[in-house]
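J.: Build the 3D model from these lines:
(chains A, B, C and D)
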2 protein chains.
Amino acid sequence: MTQRQRRVRDRTERAQRIVSAARELAEAEGWDAVTTRKLAALIEYSQPVLYSHFPGGKDAIMAAAALEGFAELVSVLGTARRDGLAGVAAAYVEFADAKPALYDAMFTLASELRFAEDDTPEVMKANFAELLAVIEPVAGTQNAGPLTEVFWSTLHGLVTLDRGHRLSPAHRDERLALVVARFGTRGD
Amino acid sequence: MTQRQRRVRDRTERAQRIVSAARELAEAEGWDAVTTRKLAALIEYSQPVLYSHFPGGKDAIMAAAALEGFAELVSVLGTARRDGLAGVAAAYVEFADAKPALYDAMFTLASELRFAEDDTPEVMKANFAELLAVIEPVAGTQNAGPLTEVFWSTLHGLVTLDRGHRLSPAHRDERLALVVARFGTRGD
DNA sequence: CAGTGTTTTCTAGCATCGCTAGGATTGCTA
DNA sequence: TAGCAATCCTAGCGATGCTAGAAAACACTG
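T.: Residues are numbered from 1 along each chain as shown, chains lettered A, B, ... in the order given. I've put the predicted structure just below:
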């Protein structure tokens, strides 16, 4: 039965190549430039092969990329946690800045994936847990969960508004410092 | 020359009908459902007429809708200012909640419009000014401009993450209260 | 080894999208 | 009324996501 095993291994490898190709292309030219035809050409197969791996089509491929992104982000935040809330905040925006297309797939697009529900992937909950870990010490009498959501919203808002050229480029660092000033101390 | 006047008036009226139809359709079925063919059918003209009004095509129509949204938002925030920072924050998320497609056009889509640049429309600056007005009293030694950007990012993040089902629906009000708690007092 | 059946893959095509060229129609002017 | 100018529509282009059905490759059995 090693033949079976090899075949499934080949399949998973090819699925991975699809997602990787999608990510590279999206990061280079944006998700609009990621078409099923280009992806098929990149992996050197025909279009229908994509749908045999991802029946949901392009959306499913983006969702798969988003899941990879969540795994990478949780790793980044885990490392940054030793630098406290300031470190986590900086690491978050740095991640979004380094991989903008991936960040879009994770949060702006990919409406399939849902938070705070039964079928929420563990890796997405893990991201929230990382943020919660640095918020809890400064929550005081405030509810740590909702406060983490607000903190997260601030970071997410900074990222997305900055990307849309809505914020002054000169004050990027100052904004991060203000986030720390407003969230980094106990609020009672 | 009243004929000329009537003709230009008819043209502006028709342009308005295009934008209104786009907004209604987007609010009902999302911007993906807003196609040039449907818009043409709604205003009872053919497709090319749309391009005579908006050479930029669909993007330009969305930008026009976004500009209307900015005007409406600045009005909403102006009214809410008497209720201070808490009132403005609540009014902001309420606006985004009541007109989600319009909000998307204003901030998520419509990359044509840029903030903090020379050609930024006045109505967009006015929105920032409204937020600045309620932040200035609580800025303390902090820079009011960047602090307003952070405050704004928080509101924007709350809106967008909530829309993507990323936040717990049960804590909506509590999150707003926490925003007020973190931004509503002087930070030195 | 030949033949059969299953699985995998590709070719070809559908419906729809944004957008536009060129002709037809309309309305104004002289 | 003839000619001109502005306006509008028909028809079509290229590209999109996606899929049905034929073709090829593979695995297994007698």
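J.: Could you list the low-pLDDT ranges of chain A?
T.: A:1-7, A:111-119 (pLDDT under 70).
J.: Specify the helix with the largest residue count in it.
T.: Criterion DSSP state H: the longest helix present in chain A is helix A:2-29.
J.: Show me what the host helix or strand of residue A:74 packs onto, helices and strands only.
T.: Per DSSP states H and E, residue A:74 falls inside helix A:58-80. For helix A:58-80, the packing partners by 3 or more Cβ pairs under 8 Å, 6 or more residues apart in numbering or on different chains; DSSP states H and E come out as helix A:2-29, helix A:84-98, helix A:100-103, helix A:122-139. C-beta here means a position set from N, CA and C on the backbone, and glycine is covered the same way.
J.: In a markdown table: those helices, plus distance to chain B and mean neighbour count.
T.: Shown next, in a markdown table, are the helices and strands packed on helix A:58-80 (distance: least, Cβ to the nearest Cβ, whole Å; neighbours: other Cβ atoms under 10 Å in any protein chain shown):
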| stretch | distance to chain B | mean neighbour count |
| --- | --- | --- |
| helix A:2-29 | 15 | 14 |
| helix A:84-98 | 10 | 19 |
| helix A:100-103 | 12 | 21 |
| helix A:122-139 | 9 | 18 |
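J.: and of the ones you listed, who's closest to residue A:48?
T.: helix A:2-29 (12.6 Å; Cβ to Cβ).
J.: Show me what that closest one is packed against.
T.: helix A:36-42, helix A:47-53, helix A:58-80, helix A:100-103.
J.: Run the chain-centre distance for that helix.
T.: 19 Å (Cα atoms, centre = their mean, to the nearest Å).
J.: Report the angle between the longest helix of chain A and helix A:84-98.
T.: 90 degrees (axes from the mean of the first three to the mean of the last three Cα atoms, to 10 degrees).
J.: Tell me the residues of chain A that contact DNA strand D?
T.: A:3, A:7, A:34-38, A:47-48, A:51, A:55-59 (Cβ under 7 Å from any atom of the strand).
J.: From these, list the buried ones, please.
T.: A:34, A:36, A:58 (16 or more other Cβ atoms under 10 Å in any protein chain shown).
J.: wait, isn't the second one in contact with residue A:58?
T.: Read it as residue A:36. Yes: between residue A:36 and residue A:58 there is a contact under Cβ atoms under 8 Å: 6.1 Å.
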